[in-house]
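Novice: No letters, just coordinates:
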């Protein structure tokens with residue numbers, strides 16, 4: 001899959017992009033979050049951790065540079081977790097995060113997923129507001145699976 005718009009291509013992940021994915025993920029996490037054991041599993045072997053388990057990883061490329069990413073982790077048959085949304089600082093403000101979110105949601109629709117969840121924190125005000133604009137709503141569960149998350153959100157694709 002390769003979608004061109006405004007000199008930005010959205011690509012499917014393959015292992016040629018492993019170092020780019022690692023760079024983006026760590027850049028985002030190291031801005032004030034804890035790098036958790038699950039993050040390290042993802043970083044060290046994204047193909048095994050995500051794709052081999054029925055998930056997807058998308059990358060944004062601009063000017064031959066990988067500048068953003070988002071992942072969909074398969075939770076169960078019709079349920080996916082949207083995670084690891086990151087855009088490198090130099091390219092923030094260009095709505096690449098929104099574009100990546102649309103690609104991920106469109107993939108969920110294409111594969112007939114019924115539900116997309118995500119874990120976030122209200123400290124990330126711009127991201128939180130983006131999720132709300134895209135139709136995600138807060139849900140109540142015991143507690144988020146990530147240390148830094150204080151909110152669980154869901155997008156119901158059956159409506």
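Specialist: Perfect, I can see it now. Given the structure is predicted, the values throughout are model-derived calculations rather than measurements.

Novice: Enumerate the beta-bridge partners assigned to residue 86.
Specialist: residue 69 (DSSP bridges).

Novice: Wait, it touches residue 66, no?
Specialist: No - using C-beta atoms under 8 Å as the test, residue 86 is too far from residue 66 to be in contact (10.5 Å). To be clear about C-beta, it is placed using only N, CA and C from the backbone, and glycine gets the same treatment.

Novice: Residue 81 contacts residue 56, doesn't it?
Specialist: No - Residue 81 lies out of contact with residue 56 (C-beta under 8 Å); the separation is 11.2 Å.

Novice: Next up, the contacts around residue 113.
Specialist: Taking C-beta atoms under 8 Å, 6 or more residues apart in numbering, we find residue 113 in contact with 78, 79, 80, 157.

Novice: try it again with 10 Å
Specialist: Contact analysis of residue 113 by C-beta atoms under 10 Å, 6 or more residues apart in numbering lists 72, 74, 75, 77, 78, 79, 80, 105, 107, 155, 157, 158.

Novice: Among the residues you listed, which ones are in helices?
Specialist: Mapping these onto helices (DSSP state H) picks out 105, 107.

Novice: What is the nearest of the contacts of residue 113 to residue 38?
Specialist: Of all the contacts of residue 113, residue 38 sits closest to residue 75, with 13.3 Å by C-beta to C-beta.

Novice: Now the closest one. Nearest residue, chain neighbours left out?
Specialist: Using C-beta to C-beta, 6 or more residues apart in numbering and skipping the chain neighbours, the partner closest in space to residue 75 is residue 81 (5.3 Å).

Novice: what about that neighbour, how many neighbours?
Specialist: 18 (other C-beta atoms under 10 Å).
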